[in-house]
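Trainee: Structure, please.
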Amino acid sequence: MRVSTNRQDIEILLVEDNPGDVRLTQEALKEAKVQNQLHVVEDGVAAMEFLHQEGQYADVPRPDLILLDLNLPKKDGREVLQEIKQDPVLKRIPVVVLTTSRDEEDILKSYDLHANCYVTKPVELDEFIQIVRSIDNFWLTIVRLPGE
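Mentor: Predicted coordinates for the structure are as follows:
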């Protein structure tokens, strides 16, 4: 097991189908001066292929952190979260649910499925940047992440 101590080693998988939210996340990470390699997939099936390093994702690194939207095409984010947390190889990867849903049922279900945290996306860009900075500060600076 490798423990990530160098911020340049951080690999982030963003599972998001909304191009606007992908762009906002990229901009927020850039604004926050987060040193990372951001990988983006647009649906739940692609997320699982990426995580299992299958098909076109055979040579991708295993992410240190996953930013997961709940409402995804092909495979719902809740299903993706459940599969990640039931997989002995993937379950240690922290999953941050990053969604527009404020539904209490979604929050409870996400924690029941062992999400590491649940963050509601703000509407305003400045707030979104602040949220991403907070995620960066907590998950990529304060927390020690397990490696491969």
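Trainee: Surely residue 119 touches residue 98?
Mentor: Yes: counting by CB atoms under 8 Å, residue 98 is a contact partner of residue 119 at 5.1 Å. From N, CA and C alone the C-beta is placed, and that goes for glycine too.
Trainee: residues shared between the contacts of the two?
Mentor: The contact sets of residue 119 and residue 98 overlap at residue 135 (CB atoms under 8 Å, 6 or more residues apart in numbering).
Trainee: Of those two, which one has the most company?
Mentor: Comparing residue 119 with residue 98 by other CB atoms under 10 Å, the one with more neighbours is residue 98, at 25 against 15.
Trainee: Distance from the chain centre to the helix or strand hosting that one, please.
Mentor: Assigned by DSSP states H and E, residue 98 falls within strand 95-99. Centre-to-centre, strand 95-99 and its host chain are 6 Å apart (CA atoms, centre = their mean, to the nearest Å).
Trainee: can you pull the buried residues of whichever helix or strand comes after it?
Mentor: Per DSSP H and E, the first helix or strand lying C-terminal to strand 95-99 is helix 104-112. Using 16 or more other CB atoms under 10 Å as the test for burial, helix 104-112 gives 106-107, 109-110.
Trainee: now stretch 59-66
Mentor: Those would be 60, 63-66, for stretch 59-66 by 16+ other CB under 10 Å.
Trainee: Which pLDDT value belongs to the most centrally placed residue in the chain?
Mentor: Taking CA atoms, centre = their mean, the centroid of the chain lies closest to residue 67, which sits 1.5 Å from it. On the pLDDT scale, residue 67 is placed at 94.
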